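Trainee: give the three-dimensional model of this entry:
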Amino acid sequence: MNFLRGWGGVVIITLMVTALLAGCVSAVFFGVTSFFQRFEFNIDNAQRQGTWEQTFAVVPEVAVETANGGISVQTWELEQVEVVATYRYKDEEFKFEPIIEETEAGLRLSYTRNGDPRAVSFALKVPEDTRLDLSSGNGSIDISGPGSAPLDLYTGNGSIQLADWEGDVVERTGNGSIELNLDLLSVGDYDLNSGNGKIVLSVHPDSQLTVEASTGNGRFDQQLPGLWEIRAQGKRFEGTYNGGGAQLKLQSGNGNIIIQER
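Mentor: Residues are numbered from 1 along each chain as shown. Below is the predicted model:
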């Protein structure tokens, strides 16, 4: 190591350190450049977004189907149906054309099935007495009333939320939760089924309910202050609340079931 002694050694060491630092800076620069190139590529090829809007004449029933997006519904006072679709796509030449079927009995819309778009979400505004048949493969379903018509809701992997609604309700989800926020409930059939999610029903304490609930790996919990008459409890619960009334059939494979005061 004698060659490193003296000023000559200092110069050699300085050159070696400088070269090492230059290599690190270069690696970082090329790494960052590569990241942004990939980021720009992904934005350009997978993150394009568009919207589609159309208004329809009022109909007794509206049915909507989508594979990878959510569905939201809000009621309003106008006698017409407004639909806004938001979609993500890859091909810049893509033109969104949903499948539309209009009859006197109802309106049916579904997502395009040709490989693009990547996802389609629907937002609807409908009159309060519109029957709804909604289906999503992987998105959530969110309905906000007031409303008073039958509902048939299904999602494979999303959650379902319903607020301020009266009428017969069927809700099914494979892996999501179900949450109902209702007011005074005394009539109607409510069939709620979740494979792996919880079910939470919030109602006015003066409601009248007839309840059948079962859960495989969860628990049933009722938190209403009124009078219960219980016929069975545990993993399977049967009973009436305030003399019985609205028919509740609640089932979850792995989640809890809760009935609570709104």
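Trainee: please count neighbours and contacts with C-alpha atoms only from this point.
Mentor: Noted.
Trainee: could I get the full set of helices for the chain?
Mentor: Using DSSP state H, the helices of the chain run over residues 6-46.
Trainee: now it, which segments are flagged as low pLDDT?
Mentor: Applying pLDDT under 70 to the chain flags the ranges 1-46, 112-117.
Trainee: phi, psi of the one residue sitting closest to the centre of the chain?
Mentor: Closest residue to the average C-alpha location of the chain: Ser140 at 1.5 Å, with CA atoms, centre = their mean. Backbone torsions for Ser140, taken as degrees, to the nearest 10, come to phi -90, psi 160.
Trainee: what sits against it?
Mentor: Contacts here follow CA atoms under 8 Å, 6 or more residues apart in numbering; on that basis Ser140 touches 69-71, 155, 157-160.
Trainee: equivalent analysis for Gln247, please.
Mentor: Residues counted as contacts of Gln247 (CA under 8 Å, 6+ apart) are 187-190, 209-211.
Trainee: how far away is it from Val211?
Mentor: Distance of Gln247 to Val211, computed by CA to CA, to the nearest Å: 6 Å.
Trainee: tell me, what's touching the two both at once?
Mentor: Joint contacts of Gln247 and Val211 (CA under 8 Å, 6+ apart) do not exist.
Trainee: export the contacts of Ser140 to JSON lines and tack on neighbour count?
Mentor: Converted to JSON lines, the contacts of Ser140 look like this (neighbours: other CA atoms under 10 Å):
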{"residue": "Gly69", "neighbour count": "24"}
{"residue": "Gly70", "neighbour count": "26"}
{"residue": "Ile71", "neighbour count": "23"}
{"residue": "Thr155", "neighbour count": "28"}
{"residue": "Asn157", "neighbour count": "21"}
{"residue": "Gly158", "neighbour count": "23"}
{"residue": "Ser159", "neighbour count": "24"}
{"residue": "Ile160", "neighbour count": "26"}
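Trainee: closest one of those residues to Tyr111?
Mentor: Gly69 (9.4 Å; CA to CA).
Trainee: pretty sure the closest one contacts Ser135?
Mentor: No - contact between Gly69 and Ser135 fails when scored by CA atoms under 8 Å: they sit 9.9 Å apart.
Trainee: Leu184 versus Ile257, what's the distance?
Mentor: Counting by CA to CA, the gap from Ile257 to Leu184 is 19 Å.
Trainee: which one's more surrounded, those two?
Mentor: More crowded of Ile257 and Leu184, by other CA atoms under 10 Å: Ile257, with 25 against 15.
Trainee: no further questions, thank you.
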